[in-house]
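Visitor: Sequence first, predicted coordinates after that:
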Amino acid sequence: MFIYSQPFLPEAQQFWDKISNQTKQKILANVWCTRCGVGVAMIRITGTIQGESLVLHGHCASCGHLVARVLEGP
């Protein structure tokens, strides 16, 4: 289960809602943490839109360091 720290911005939520739950789980379970130096799970997630891409911001589930993931739009 992933914890969302605050609602996504409306445009980001629309982008996120188009992704299947199975794919969301895979995306959030495999985010690079520069402090840990490995792929980790992302928690306390927020989302914004930059250009046509969804940018997920959150924290590493292992160490709490800030992490991000970019999902390119169409």
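Guide: Cool, got the structure.

Visitor: How is the spatially closest residue to Glu52 that is not a sequence neighbour assigned, secondary-structure-wise?
Guide: Excluding the flanking residues, the one nearest Glu52 by CB to CB, 6 or more residues apart in numbering is Gly73, at 3.3 Å. C-beta: built from backbone N, CA, C; applies to glycine. Secondary structure assignment for Gly73 (DSSP: H, G, I helix; E, B strand; the rest coil): coil.

Visitor: And for Leu54?
Guide: Taken by three-state DSSP, the conformation at Leu54 corresponds to strand.

Visitor: Could you double-check that it sits in contact with Phe15?
Guide: Yes - counting by CB atoms under 8 Å, Phe15 is a contact partner of Leu54 at 4.4 Å.

Visitor: Have a look at these two and say which one is more surrounded.
Guide: Just comparing Leu54 and Phe15: by other CB atoms under 10 Å the higher neighbour count belongs to Leu54, 25 against 21.

Visitor: Now do that one, the pLDDT please.
Guide: According to the prediction, Leu54 has pLDDT 96.

Visitor: What about Pro74, how many residues nearby?
Guide: 4.

Visitor: quick one: it and Glu52 touch, right?
Guide: Yes - under the criterion of CB under 8 Å, Pro74 makes contact with Glu52 at 6.7 Å.

Visitor: What about Pro7, how many residues nearby?
Guide: For Pro7, the tally of surrounding residues (other CB under 10 Å) stands at 10.

Visitor: Look up phi and psi at Gln22.
Guide: phi -60, psi -40 (degrees, to the nearest 10).

Visitor: Flag every buried residue along stretch 22-37.
Guide: Ile27, Leu28, Val31, Cys33 (16 or more other CB atoms under 10 Å).
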